[in-house]
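>>> Model the structure of this input:
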Amino acid sequence: MNRIMVILTLCVSLVLIGCQSSSGGVNTNDVDPALTQNHSAQFFSKSAWQSCAIGAGVSGVGCLLLGGKPGVCVASAAVGCGVMMGANYYLDSKRAQYANAEMRIDAYIQDIQQNTQEVQAVTETAKGVLDKNLATLKNLNRQIKNASVNKKQAQNDLSQIDANIAYLTDKLTRMKKVEDNWVSLSAQEKQTGVNVDKLDRQINQLHKQIAGLEKQIDLVTKQRSAVRVG
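Below you'll find the model as predicted:
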């Protein structure tokens with residue numbers, strides 16, 4: 001039992017040092033609550049290193065219970081660090097769970113469909129917020145032209161829009177990392193002779209959802225950059 005506690009402590013330490021630093025994050029004080037309170041948005045912020053903690057801990061303890069040496073087990077736990085939805089730890093765990101390639105591909109597809117649904121949920125919420133931001137920017141432009149702008153209110157509005165853009169851009173970066181991991185995983189499976197056509201079609205669906213969100217963010221960013229309040 002003492003050895004288990006030791007390995008758990010080491011795993012947590014690895015997570016805090018390696019994974020937490022990659023969690024990034026944007027100051028959400030000025031972000032529209034509709035974005036920060038959205039469950040799907042939270043998936044693409046905290047879960048990256050939290051999943052790493054779970055994965056690394058399970059890996060390390062499992063290794064120990066199988067009689068592995070502590071040093072080797074810590075290394076095994078470290079493999080989980082940096083995983084979002086893919087990468088080596090995820091791939092190795094699925095290969096261990098499903099020796100049958102077709103079953104493994106089906107498992108991948110279930111997970112990537114969940115990712116796609118999360119992106120879709122974030123995009124739907126973001127659209128409502130960004131449409132509102134576009135309306136605010138349009139109104140500010142009209143006020144600036146008419147010399148009727150309330151500078152303090154305008155600055156407050158722009159601060160929130162900037163915060164929304166930063167927040168969603170951060171989520172977009174994380175989503176693209178998820179996509180990159182899936183592409184990498186597919187390539188690794190293909191190298192072993194596995195038919196990944198079905199998986200690649202799902203990856204393409206994920207890509208389309210991410211691209212849709214990126215288009216929305218780019219539109220508001222462009223409109224925002226054109227607004228100047230002295």
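>>> Could I get the full set of helices for this protein?
Ranges of helices within the chain are 2-14, 33-36, 39-43, 47-65, 70-79, 87-97, 101-145, 151-191, 197-225, based on DSSP state H.
>>> want to throw those helices into CSV with mean pLDDT and mean neighbour count?
Placement of C-beta: from N, CA and C, glycine included. CSV is the format used below for the helices of the chain (pLDDT from 0 to 100; neighbours: other CB atoms under 10 Å):
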stretch, mean pLDDT, mean neighbour count
helix 2-14, 46, 15
helix 33-36, 89, 15
helix 39-43, 57, 17
helix 47-65, 44, 20
helix 70-79, 43, 18
helix 87-97, 82, 16
helix 101-145, 93, 17
helix 151-191, 92, 18
helix 197-225, 96, 16
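>>> List the contacts of the closest residue to Ile109 other than its chain neighbours.
Excluding the flanking residues, the one nearest Ile109 by CB to CB, 6 or more residues apart in numbering is Gln202, at 5.2 Å. Contacts for Gln202 (CB atoms under 8 Å, 6 or more residues apart in numbering) come out as 108-109, 112-113, 116.
>>> want to try a markdown table for these, with distance to Thr173 as columns?
Converted to a markdown table, the contacts of Gln202 look like this (distance: CB to CB, whole Å):
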| residue | distance to Thr173 |
| --- | --- |
| Tyr108 | 22 |
| Ile109 | 24 |
| Ile112 | 18 |
| Gln113 | 22 |
| Thr116 | 17 |
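>>> any idea which of those residues is the one closest to Val194?
Tyr108 (10.1 Å; CB to CB).
>>> tell me the contacts of the closest one?
Taking CB under 8 Å, 6+ apart, we find Tyr108 in contact with 94, 182, 185, 199, 202.
>>> Also Gln153?
Counting by CB under 8 Å, 6+ apart, Gln153 makes contact with nothing.
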